[in-house]
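J.: let me see the structure of the following:
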Amino acid sequence: MTKKPEPRSLAYQIIMFIFISLVLIFSIFIGITRFLFSNIMMNNAQDTVSHIANEAIYQIEGRLTKIVDISRTVSILYHSEQYNSKKVNSLLHDLVYEFDTLEAITIAYAPNYSGNSRTIYHFQNKAITRDLKLNDYQFLDWFQIPFELKSKYWTEPWFDAANPKEPIISYCVPIFSEGNCVGIMRLDTKLSALQRIVSPLKMKHSGYAFLVSSIGTIITHPADSLAFNETIFSIAEGAKDITLRQIGKKMINGESDFVHLQGNTVFGDSWLYYSPLLSNNWSLGIVIAHKDVVRDLNLMLIIQTLLSVVIFITISLIVYYRTLSVSSPIRLFTEIANKIGKGDFDAQLPATANSYEIEHLILAFATMQKSLKEYIENLKITTTEKNRIETEVQIASEIQRKLIPKNTEHPYGLKEIRGYGILEPAGDIGGDLYDFFPVDNNHFLFIIADVAGKGIVASMTMTMVSTYLRTVSTYQNSPGEIMQNLNNFLCKQSTASNFVTALLGIINLHTGELRFTNAGHPPLIIRKSKNGCRVIPETHSNPLGVFADMAISISTIQLEAGDEIILITDGITEIMNPEEEFLSLKGLTDIINQLTTDNPEQTAFQILQEVHRFAQNALQKDDITILVMDYKKNEEWEMV
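T.: Numbers count the residues shown, from 1 in each chain. Next up is the predicted model:
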């Protein structure tokens, strides 16, 4: 059997790693240094060019923003009731005359709207008005696009018939009247003004700037043959350059980046920085030749490489001697840590060390040692407390079950009534309640209720409801009055779970008359012996415990011999299957209509069985409660 070699000490591993690294470092360090400094140089170049680009964008945006601001002023003038048409024209002349950024203002109306379409433009240092006909603009992009979109729009560069030699760009704003678009307001500015901002931009020895429109058209470029004749996509297509095509898409999508271009395009081997003009979705690009970017880098690499070698050797020697001094206390500390790991929390840690890090490591470990001891003690206390709470919950659950009346064939020995109830809490203890008992020799009371929430608080509320109900029913025989007293009682409580839905009824055992009231609870269901089931969806009030002094009405129905009263909580109708579908009231009535039972116990168990079959073992989120009673006249029981 081969013996497993023992692991080397930390000092040995560090020293051997450093010396092996020294052998390899000279073969790879030049490449690493070049990579690092290349990133630095690229970042510096990007910062510089982005600063230049942002300055140019700031100037261009300032000019475009001024056009947008003027458009707001014109819109205010146009829609103001204080100015008539003549006064508006005068103010428009003043705007064209005063702002050198504004070449012309055009008001063009839709074909179905009566208005004077006109253009106010510069001519020989004057503001001149020229009337427009519908055919002059109806099918032009500057009119059609914003008119159809009902939104503001910056045009591509275009040539106006009034000045076909000077390209312009226009800011077009829809004119609305009574909610309808009735025309377009167009504000023109000369493209040459933007070109004068971009053309002088220079970077290094061969850098230049250019503009790209929102559809990729090259607006300005040192090569005149490209301006207005090529798009960035046509250049990419001509050179079969997929990368340039992707860059073009990013430029017109308003993105910003600094990328390396390599290919047979007009850009050559260069770096391109592009950034968007937010006003009109154009993009500014600045191109720098790659050789200009790396010229300073090559010289810097030689100096940096020599300096790095010296520094690295110095650091290696320092680490060598320092490792020898550190390994000894670490070894001792490791032995003590093993003792603590085996449960000896009183093991004595070293009092001090010869390095800042190890000193703080010892202090941190001492704190952890103390915390572990305290944690073990707290865990013992917590475990004891947890066991106590679990015991109390079990006792509360047992008390809750004892509050519910026991199932017997004839409750309280009454032959006129048979009843059976089932309560399945979602947790250890729940918030559902059912109860039944004789009020006097002639009347039998039953109730089913659902207390908001779960747990001990809901169980306490259920206990109060059960206790109070038996108290108040001794001097009240009307379901409405009993419910009113119960509601007022709950409203005076300050518990978090005093929101209760309930259905309470009183049966006259001699006549079969059933008087009941429903406070926001699922409906009462009467199962007929021959004619299926009858759902009584009527509710008589809001849930209990919300509004004090609430009036609660009652309803009366006549029971026939053999009728079964079926009461449930919403844990039945709102139970879900794995597909998260609710059983619903309709699903419950379908189950009841298919029952073949003839006594309450079988009815309750078959309903519960079908409910669980529907849920398919899905997690029960709410308490499930079923109470079934059937009414038999006394004389019929004597015949049995």
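
J.: hey, where'd the helices end up in the stretch 451-600 of the chain?
T.: In order along the chain, the stretch 451-600 of the chain carries the following helices (DSSP state H, counting those that start in this stretch): 455-472, 479-492, 570-573, 584-593, 600-615.

J.: and stretch 94-110, C-alpha only, in PDB?
T.: Taking Å, rounded to 0.1, in the frame of the first residue of the first chain, the C-alpha atoms of stretch 94-110 are listed here in PDB:
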ATOM      1  CA  ASP A  94     -39.000  88.300 -34.600                       C
ATOM      2  CA  LEU A  95     -37.900  84.800 -33.600                       C
ATOM      3  CA  VAL A  96     -36.500  84.000 -37.100                       C
ATOM      4  CA  TYR A  97     -34.800  87.300 -37.200                       C
ATOM      5  CA  GLU A  98     -33.200  87.200 -33.700                       C
ATOM      6  CA  PHE A  99     -32.000  83.600 -33.400                       C
ATOM      7  CA  ASP A 100     -29.100  82.700 -35.800                       C
ATOM      8  CA  THR A 101     -29.700  79.000 -35.000                       C
ATOM      9  CA  LEU A 102     -33.100  79.200 -36.500                       C
ATOM     10  CA  GLU A 103     -33.200  79.200 -40.300                       C
ATOM     11  CA  ALA A 104     -37.000  79.100 -40.800                       C
ATOM     12  CA  ILE A 105     -40.300  78.300 -39.200                       C
ATOM     13  CA  THR A 106     -43.000  76.600 -41.100                       C
ATOM     14  CA  ILE A 107     -46.700  76.200 -40.200                       C
ATOM     15  CA  ALA A 108     -48.300  73.500 -42.500                       C
ATOM     16  CA  TYR A 109     -51.900  72.500 -42.100                       C
ATOM     17  CA  ALA A 110     -53.500  69.100 -43.000                       C
END
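
J.: before we move on, back to that, mean neighbour count, mean pLDDT and distance to residue 625 added to the helices of the stretch 451-600 of the chain, as CSV?
T.: (Glycine included, C-beta is placed from N, CA and C.) Supplementary listing: those in CSV, determined by neighbours: other C-beta atoms under 10 Å; pLDDT from 0 to 100; distance: least, C-beta to C-beta, whole Å:
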stretch, mean neighbour count, mean pLDDT, distance to residue 625
helix 455-472, 19, 81, 11
helix 479-492, 20, 90, 18
helix 570-573, 21, 90, 7
helix 584-593, 16, 91, 13
helix 600-615, 18, 92, 10
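
J.: just so I know, which of the ones you listed lies nearest residue 134?
T.: When those are ranked by proximity to residue 134, the top entry is helix 584-593, at 63.3 Å, counting by C-beta to C-beta.

J.: what does the closest one rub up against?
T.: Helix 584-593 is contacted by residues 522-523, 525, 527, 532-533, 535, 566, 568, 572-573, 606-607, 610-611, 614 when judged by C-beta atoms under 8 Å, 6 or more residues apart in numbering.

J.: quick check: of those, which lies closest to residue 108?
T.: Of all the contacts of helix 584-593, residue 573 has the smallest distance to residue 108: 64.6 Å, by C-beta to C-beta.

J.: correct me if wrong: residue 217 contacts residue 226.
T.: No - at 9.9 Å, residue 217 and residue 226 do not qualify as touching, with contact defined as C-beta atoms under 8 Å.

J.: out of the helices of the stretch 451-600 of the chain, flag the one nearest residue 68.
T.: For residue 68, the closest of the helices of the stretch 451-600 of the chain is helix 584-593, at 57.6 Å, according to C-beta to C-beta.

J.: what's the angle from that closest one to helix 600-615?
T.: Following axes from the mean of the first three to the mean of the last three C-alpha atoms, to 10 degrees, one obtains 130 degrees for the angle between helix 584-593 and helix 600-615.

J.: for the longest helix along the chain, what is the average pLDDT?
T.: When every helix of the chain is counted residue by residue (DSSP state H), the longest turns out to be helix 10-79. Helix 10-79 shows an average pLDDT of 77 in the prediction.

J.: go on, stretch 296-312?
T.: With pLDDT averaged residue by residue, stretch 296-312 scores 71.

J.: do stretch 426-436 as well
T.: In this model, stretch 426-436 has an average pLDDT of 81.

J.: now swap in stretch 620-628 and tell me
T.: Looking at stretch 620-628 alone, the average pLDDT works out to 88.

J.: same thing with stretch 556-568?
T.: 92.

J.: over to stretch 139-151?
T.: Per-residue pLDDT values across stretch 139-151 average out to 90.

J.: give me the buried positions along it.
T.: 140, 142-143, 146-147 (16 or more other C-beta atoms under 10 Å).

J.: my guess is residue 42 contacts residue 273. True?
T.: No - applying C-beta under 8 Å, one finds residue 42 not in contact with residue 273, separated by 10.8 Å.

J.: shared neighbours of those two, anything?
T.: Shared contacts of residue 42 and residue 273, defined by C-beta under 8 Å, 6+ apart, comprise residue 258.

J.: more crowded one of the two?
T.: Regarding residue 42 and residue 273, a neighbour count based on other C-beta atoms under 10 Å identifies residue 273 as having more, with 23 against 16.

J.: the helix or strand hosting the more buried one packs against which elements?
T.: With the criterion set as DSSP states H and E, the secondary-structure element containing residue 273 is strand 270-277. Packing contacts for strand 270-277, counted by 3 or more C-beta pairs under 8 Å, 6 or more residues apart in numbering; DSSP states H and E, involve helix 10-79, helix 242-252, strand 257-261, strand 282-289, helix 290-341.
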